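Engineer: I'd like to go over a predicted model; first the sequence, then the structure.
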Amino acid sequence: MKLNTLGNTDTHVSELCLGSMTWGTQNTPEEAFSQIDYAIEHGINIIDTAELYPTTPLSAQTQGDTESIIGQWLSNSGKRDKVLIATKVAGNGPKWIDDGKPITGEKIRKSLESSLQRLKSDTVDLYQLHWPNRKTYHFRQSWHFDPTTQNKQETQDGMYEILSTLAALIAEGKIRHVGLSNESCWGTAQYLRLAEEHNLPRMVSIQNEYSLLHRLFDLDLAELAHNESIGLLAFSPLAAGMLSGKYENGTIPKGSRRSMQDDLTGRYNERSIKALHKYLSIAKEHDLDPAQMALAFCTSRPFMTSTIIGATNMEQLAINVGAAEITLSDEVMKAIGEVYRDLPNTM
């Protein structure tokens, strides 16, 4: 499997990353272990998780279980040196994680120590800020996003505190690299500026949503990624399973994400369904598995560092991993471009 450079570092990550947010709810530990073994055997060298996980559904009772499952695998297998671990600190929100406090230096230390204990590891290879402390346009918030309530100085002071704490943790050997998630172009630029001005750790990646149905990254963030050597780790590249075709004609498979979240947290709507039909038709016309077409499109993007795949069964995982062998033809890319021009960013 192709390896890509992680930001401006000497670390290389596989073009597909194994996602884990279903482990502990939709998947048992044993199923998760099988997924990890299969992924590593097929060239994947990075697992993405978070202190928040599992997510389907979210609950105080299961929070942290995904990291614990990964920790069990690491301990049982003795293969810590075979895989990179990326995890995230949660921000303001779920009250069962540190009373829902925003990300601060103190919170980072507390959350990281808990993550390391669950992961049974001395270090995290990529530690990410799960979402900004300020309001964001991600998670279907772009329709009414209003940045005029932000306080620039408070935001920058908070970023400086975060970077200073991350610098100390890197010096202590508990973190190797740091990254962002659900961040904007301005926010990312501020972190990069502060790092350069104060000799603090440089963010090496951004984990934002990206798929055929959701391409906000294509504009300002793509320009920033190119010029500043900070790559995308794309989550939901199949739009919560929509682009696999499994929800076609209103089908809702038992145990699927849609069986728990009917609109897939705002992804499944009239606009996206219309575009979805067109993308599925392209795959059918060119005899491509729709999931592999969607993933191959993501891996082809020039700003893509790694595309995060997730699965609830081994058949799905095998299909997703197989996307690494697919190169889309010029004809397919042209057809995709025509649909995108007519139906851009439908979520």
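Structural biologist: Yep, that arrived.

Engineer: For the closest residue to Ser300 other than its chain neighbours, the count of nearby residues, please.
Structural biologist: Using CB to CB, 6 or more residues apart in numbering and skipping residues adjacent in sequence, the residue nearest Ser300 is Leu328, 6.4 Å away. For the C-beta atoms, the positions are set from N, CA and C on the backbone; glycine is no exception. By the measure other CB atoms under 10 Å, the count of residues near Leu328 is 19.

Engineer: Please shift the residue numbers so they start at 42 in all later answers.
Structural biologist: All right, first residue 42 from here; so that's Leu369.

Engineer: Pull the contacting residues for Leu369.
Structural biologist: By CB atoms under 8 Å, 6 or more residues apart in numbering, the residues touching Leu369 are 329, 334, 337-338, 341, 377.

Engineer: go on, His171?
Structural biologist: Contact analysis of His171 by CB under 8 Å, 6+ apart lists 91, 93, 129-132, 222-223.

Engineer: Val219 now?
Structural biologist: Val219 makes contact with 167-169, 207, 211, 242-245 under the criterion CB under 8 Å, 6+ apart.

Engineer: repeat that for 7 Å
Structural biologist: Val219 makes contact with 168, 207, 242, 244-245, according to CB atoms under 7 Å, 6 or more residues apart in numbering.

Engineer: do the same with Ser116
Structural biologist: Contacts of Ser116 by CB under 7 Å, 6+ apart are Lys161.

Engineer: mind running it again at 10 Å?
Structural biologist: Shown in contact with Ser116 (CB atoms under 10 Å, 6 or more residues apart in numbering): 160-162.

Engineer: In the protein, which residue is most central in space?
Structural biologist: Phe276 (3.5 Å; CA atoms, centre = their mean).

Engineer: Report the separation between that one and Gly307.
Structural biologist: Taking CB to CB, to the nearest Å as the measure, Phe276 falls 15 Å from Gly307.

Engineer: again with Thr189
Structural biologist: Thr189 is 23 Å from Gly307, by CB to CB.

Engineer: on that earlier part again, most surrounded residue in the contacts of Leu369?
Structural biologist: With neighbours taken as other CB under 10 Å, the top of these is Phe338, carrying 24 neighbours.

Engineer: just the strands in the stretch 192-341 of the chain please.
Structural biologist: Counting by DSSP state E, counting those that start in this stretch, the stretch 192-341 of the chain has strands at residues 216-222, 244-248, 272-275.

Engineer: any chance of those strands in TSV, with distance to Glu82 and mean pLDDT too?
Structural biologist: As requested, these are arranged in TSV below (distance: least, CB to CB, whole Å; pLDDT from 0 to 100):
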stretch	distance to Glu82	mean pLDDT
strand 216-222	24	98
strand 244-248	25	98
strand 272-275	22	97
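
Engineer: out of these, nearest to Leu47?
Structural biologist: strand 244-248 (5.4 Å; CB to CB).

Engineer: Give me the local confidence score for Pro294.
Structural biologist: Note on Pro294: pLDDT of 86.

Engineer: hang on, it packs against Gln67?
Structural biologist: No - counting by CB atoms under 10 Å, Pro294 does not reach Gln67; the two are 11.6 Å apart.

Engineer: what do those two both touch?
Structural biologist: With CB under 10 Å, 6+ apart, Pro294 and Gln67 have common neighbours 300, 353.

Engineer: I'd like to know how many residues surround Leu254.
Structural biologist: 29.

Engineer: Disregarding residues adjacent in the polypeptide, which is nearest to it?
Structural biologist: Ala280 (4.6 Å).

Engineer: so who does the one you found touch?
Structural biologist: By CB under 10 Å, 6+ apart, the contact set of Ala280 is 250-255, 288, 305, 308-309, 313, 316-317, 320, 335, 387-388.

Engineer: same thing but 6 Å
Structural biologist: 252, 254, 308 (CB atoms under 6 Å, 6 or more residues apart in numbering).

Engineer: burial measure for Asp78, as a count.
Structural biologist: Burial of Asp78 is recorded as 13 neighbouring residues (other CB under 10 Å).

Engineer: phi, psi of it?
Structural biologist: Recorded main-chain torsions at Asp78 are phi -60, psi -40, according to degrees, to the nearest 10.

Engineer: average model confidence for the longest helix anywhere in the chain?
Structural biologist: Identified as the longest helix of the chain according to DSSP state H is helix 193-212. Averaging pLDDT along helix 193-212 gives 98.

Engineer: can you put the contacts of Ala280 in JSON lines and add distance to His218 and pLDDT?
Structural biologist: Below are those laid out as JSON lines (distance: CB to CB, whole Å; pLDDT from 0 to 100):
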{"residue": "Ser252", "distance to His218": "25", "pLDDT": "98"}
{"residue": "Leu254", "distance to His218": "29", "pLDDT": "97"}
{"residue": "Arg308", "distance to His218": "30", "pLDDT": "93"}
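
Engineer: Compile those residues into a markdown table and extend it with columns for distance to Glu202.
Structural biologist: As requested, those are exported to a markdown table (distance: CB to CB, whole Å):
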| residue | distance to Glu202 |
| --- | --- |
| Ser252 | 33 |
| Leu254 | 36 |
| Arg308 | 34 |
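
Engineer: Please write out the alpha-carbon positions of stretch 244-254 in CSV.
Structural biologist: The C-alpha trace of stretch 244-254 is given here as CSV (Å, rounded to 0.1, in the frame of the first residue of the first chain):
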residue,chain,number,x,y,z
MET,A,244,0.4,20.9,13.4
VAL,A,245,1.1,18.2,10.8
SER,A,246,-2.4,17.2,9.8
ILE,A,247,-6.1,18.1,9.8
GLN,A,248,-8.8,15.5,10.2
ASN,A,249,-11.9,16.9,8.6
GLU,A,250,-14.9,15.3,6.9
TYR,A,251,-14.4,14.7,3.1
SER,A,252,-16.2,12.6,0.6
LEU,A,253,-17.8,12.8,-2.9
LEU,A,254,-20.8,14.3,-1.1
